[in-house]
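J.: the sequence and its predicted three-dimensional model are supplied below.
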Amino acid sequence: MSGINLEDFLAEAEELIDRLNHGFLELDQQLKQGEKPEPSLVNDIFRSAHSLKGICGMFGFTEVGEIAHKMEDLLDRLRLQKLKLTPKTLDIMFQTTEELHKIMHRKASGEEISPSEVEALKKKLEQVEEVKEEDDKDYWLKESGLEPEILSVLTEYEEHRLIENLKEKKGIYRITVSFDLGTFDEELNALQGKLKQIGELITTLPSAEESNENRITFYLLLGSNLPQQEIEAELFGFPASISAVKSPPVPTLPKSTPEKKEEVKEAPGEELERVRSLTQTVRVSITKLDNLMNIVGELVLSKNIIAQLIERLRAELGFSELALELYKANRNLERKLQELQESVLEVRMVPIGQIYDKLRRNVRTLSRELGKEVDFITEGGETELDKLIIEDLADPLMHIIRNALDHGIEPREERIRLGKPPQGQIRLNAYQQGNHVVIEISDDGAGLNLEKIRQKAIERGLISPEEEVREEELVQVLFTPGFSTAEKVSEVSGRGVGLDVVKNNISALSGAIDIESSPGEGTKVIITLPITLAIIQALIVEAGGETFAIPLNSVSSGLAIRPEEIKTIEGREVIEQRERTLPLLRLDEFFRLNGRKRSEQEELYVVTVAIAERRLGLVVDKLLGRQDIVIKSIGEVLSGIKGIAGATELGDQRTILVLDVVGMIEEASSGLKASSRQVEKNVS
């Protein structure tokens, strides 16, 4: 195992555990739909357990290996149909896989795993229902028509699949094919891929007969409903001869259904290309990608400094030949650096569907705990986000789904009484919108009980009984730390540690969260996130004598206004913009800056920032232009200040603050509400 370290092992082991979980979810779906387990799916799950057992043995993770071995035995019996697939069986598999994952990481951190834990998991795996074997194996093997020398080399699983194909009245075909020794592996892969599309590939056997010294011959057994002439047509182009060992009694897929064949049609080279692409994949640690991104970030800062120096040189020397040459070289550097930046960002981008399986498993477990039937639908899994954002997204999404299950979806009897389908529905949809990704989690449950929220808010002193509160303000109360409308604490929710945690986590990702609800119809939670938090473009502004960076992905417009265009409505400064009222926030007042005082006639600038449907106008003194920036952490000293996302370095080597647009929108809104309530209390 030289050259493979613990980190590589953990990455591969987690990948195998993810495959196990994904396979179990697919089996669960087939079980719900009343379908028989797909043999190839069960076989893939078996192979994942086998591989996990193997690498655990190599790295001395014997505890994990023992459990994986036990699971492998059970999966072997499942693929041989000696084990009954039931919801209970899947529950045990899911629970065991989850425990495997935990034990593996505890072991990696140096913790001792007690033998009793391993034995307990083994005993849990024994709580599955066996299937009584039928003693008809010899009869079916004789019926197959295959020669004894071929039957004698079949594995138990291959014998089982041969018998199952015969019982399903499929034809059994022997394909003989000869390949050049130099390319046989690629050509054989392509042929196997094609055969899997037109039937079940039962086995692949090298021929015992003597072949030409430069060629190798194989026998492949195929079970299929297609007649021989259609299989020959499908394999046109392959150097294969086909003979029917046992023909199907009635072809069940006639030539009059071309659309079915079209669905599975694939050129022989496509499978070969897919296999080749797999060999080009390299697993890279996110830490290495972070280091690479930091280097690119430093190069961006250096490029900004060079651009500033060139501007100074042009100011001193004018459009001299040297200044022009430097300008051209810098432009070329800028283009190449942009390409490098985009390439690194592309490597960091991963589909959000990576966390869908984890969410499905949790939904399955929670719905069983709560005794509710729920159909969990996921869409937009191909939508890409920065890997680091996705890592921090799973827990907030699970909080929201847990709330939907516990508070939103009604019990079965209640749904039937209301004329709703007995099975509730939770839908998760992700899609890209400009420079952001929007994630919507909706349910068809009871919706928010606004009156109940209002009463709880009054009890906690968040609002007064006489106060008129708009619906959107009541919804925001749900994000107050410790707020809960649950009458009793349960294992699922009611502890008041849900939505405030979600909001904080989403805010830490420079995202926003909104809630829409219709009584009796359901609730939708909308999360808006930037695609990446690495290198971004920013608008550089000046206010109160200080310079700030505003992430450009949150900026919708910028305009110059005269002071008299600002109006005051209910104590709040606003302007009219595109027939809409835009609330304003003066940056110098927000941060209490004592810069140069403007005259009443001096022109101002308003930068309109927006996240989702929320808009705010930031009043600044100057717009200084755009620049690529790298956001750096500001440490604990300034971390408590609302409205600051971090710091960055400009081309003139000044360090400035980067604004947190989401935080500013929320802080400005809550600050104005709080101040108006305080005034009312003082007056009374």
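T.: Looks like it came in fine. Numbering: from 1, shown residues only.
J.: make it CA atoms for all contacts and neighbour counts henceforth
T.: Will do.
J.: which residues of the stretch 251-400 of the chain score low on pLDDT?
T.: Low-confidence segments of the stretch 251-400 of the chain, defined by pLDDT under 70, span residues 251-283.
J.: need the helices for it, in chain order.
T.: Counting by DSSP state H, counting those that start in this stretch, one finds helices in the stretch 251-400 of the chain at the ranges 258-264, 268-279, 286-317, 321-348, 356-370, 387-391, 394-403.
J.: kindly report the same for the stretch 51-200 of the chain.
T.: 62-79, 87-108, 115-125, 137-143, 148-151, 156-167, 184-198.
J.: next, the angle helix 115-125 makes with the longest one.
T.: Using axes from the mean of the first three to the mean of the last three CA atoms, to 10 degrees, the inter-axis angle of helix 87-108 relative to helix 115-125 is 160 degrees.
J.: from the chain's centre, how far out does helix 87-108 sit?
T.: Helix 87-108 sits 21 Å away from the centroid of its parent chain (CA atoms, centre = their mean, to the nearest Å).
J.: mind listing what's buried in it?
T.: By neighbour count with 16 or more other CA atoms under 10 Å, helix 87-108 contains the buried residues 89-94, 96-97, 99-101, 103-104, 107.
J.: what packs against that helix?
T.: For helix 87-108, the contact count by 3 or more CA pairs under 8 Å, 6 or more residues apart in numbering; DSSP states H and E identifies helix 6-32, helix 62-79, helix 115-125 as packing neighbours.
J.: so for it, mean pLDDT?
T.: Across helix 87-108, the average pLDDT comes to 85.
J.: run the angle between it and helix 62-79 for me.
T.: Following the same axes, to 10 degrees, one obtains 160 degrees for the angle between helix 87-108 and helix 62-79.
J.: thinking again about what came up before, and which of the buried residues of helix 87-108 is nearest Ala668?
T.: Using CA to CA, His101 comes nearest to Ala668 of the buried residues of helix 87-108, at 43.9 Å.
J.: tally of neighbours for Thr155?
T.: 11 (other CA atoms under 10 Å).
J.: no, scratch that, I was asking about Glu382
T.: 13.
J.: and if you look at the one 3 residues further on?
T.: Other residues within reach of Leu385, judged by other CA under 10 Å, total 24.
J.: now swap in Thr287 and tell me
T.: Neighbours of Thr287 (other CA under 10 Å): 9.
J.: now it: how far from Glu373?
T.: 41 Å (CA to CA, to the nearest Å).
J.: now what about stretch 519-527, what contacts it?
T.: Contact with stretch 519-527 is made by 400, 404, 408, 438-449, 506, 511-517, as judged by CA atoms under 8 Å, 6 or more residues apart in numbering.
J.: 6 Å instead?
T.: Contact partners of stretch 519-527, identified using CA atoms under 6 Å, 6 or more residues apart in numbering, comprise 438-447, 512-517.
J.: show me how the record splits the chain into domains.
T.: 6-125, 137-279, 286-349, 351-530, 535-683 (automatic domain parsing).
J.: so for the last one, what's the average pLDDT?
T.: So the one you mean is domain 535-683. For domain 535-683, the mean per-residue pLDDT is 78.
J.: centre of the chain to it, how far?
T.: Taking mean C-alpha positions (CA atoms, centre = their mean), domain 535-683 and its chain are 33 Å apart.
J.: same question for the second one.
T.: Averaged C-alpha coordinates place domain 137-279 at 37 Å from its chain's average position (CA atoms, centre = their mean).
J.: and for the fourth one?
T.: Centroid separation for domain 351-530 versus its chain: 17 Å, with CA atoms, centre = their mean.
J.: how far does it stretch from one end to the other?
T.: 14 Å.
J.: then the shortest one?
T.: By CA to CA, the extent of domain 286-349 from end to end equals 11 Å.
J.: which residues does Asp444 contact?
T.: 425, 521-522.
J.: restricted to strands, list those.
T.: 425, 522 (DSSP state E).
J.: and the contacts of Asp444 as a markdown table, adding pLDDT and neighbour count?
T.: As requested, the contacts of Asp444 are arranged in a markdown table below (pLDDT from 0 to 100; neighbours: other CA atoms under 10 Å):
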| residue | pLDDT | neighbour count |
| --- | --- | --- |
| Gln425 | 93 | 19 |
| Glu521 | 90 | 14 |
| Gly522 | 92 | 20 |
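J.: distance of Asn294 from Ser40?
T.: 44 Å.
J.: what secondary structure does Ile629 sit in?
T.: For Ile629, the secondary structure call by DSSP: H, G, I helix; E, B strand; the rest coil comes out as strand.
J.: tell me, how many residues neighbour it?
T.: Based on other CA under 10 Å, the number of other residues close to Ile629 is 26.
J.: and it, bridged to which residues?
T.: Ile536 (DSSP bridges).
J.: against Thr523, how distant is it?
T.: 38 Å.
J.: before we move on, what about Ile401?
T.: Counting by CA to CA - Ile401 and Thr523 are separated by 11 Å.
J.: identify all contacting residues around stretch 415-424.
T.: Against stretch 415-424 from outside (CA under 6 Å, 6+ apart): 373-374, 412.
J.: alpha carbons only: can I get that stretch in PDB?
T.: Output in PDB follows, covering the C-alpha atoms of stretch 415-424 (Å, rounded to 0.1, in the frame of the first residue of the first chain):
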ATOM      1  CA  ARG A 415     -54.800  14.800   5.300                       C
ATOM      2  CA  ILE A 416     -57.600  12.400   4.300                       C
ATOM      3  CA  ARG A 417     -60.100  14.500   6.300                       C
ATOM      4  CA  LEU A 418     -58.900  17.700   4.500                       C
ATOM      5  CA  GLY A 419     -59.200  16.000   1.100                       C
ATOM      6  CA  LYS A 420     -55.400  15.800   0.500                       C
ATOM      7  CA  PRO A 421     -53.500  12.800  -0.700                       C
ATOM      8  CA  PRO A 422     -52.600  10.500   2.200                       C
ATOM      9  CA  GLN A 423     -48.900  10.800   1.300                       C
ATOM     10  CA  GLY A 424     -47.400  14.200   1.900                       C
END
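J.: buried set for that stretch?
T.: Quick answer for stretch 415-424 (16+ other CA under 10 Å): 415, 420, 422-424.
J.: kindly report the same for stretch 22-30.
T.: Of the residues in stretch 22-30, 22-28 count as buried by neighbour count, 16+ other CA under 10 Å.
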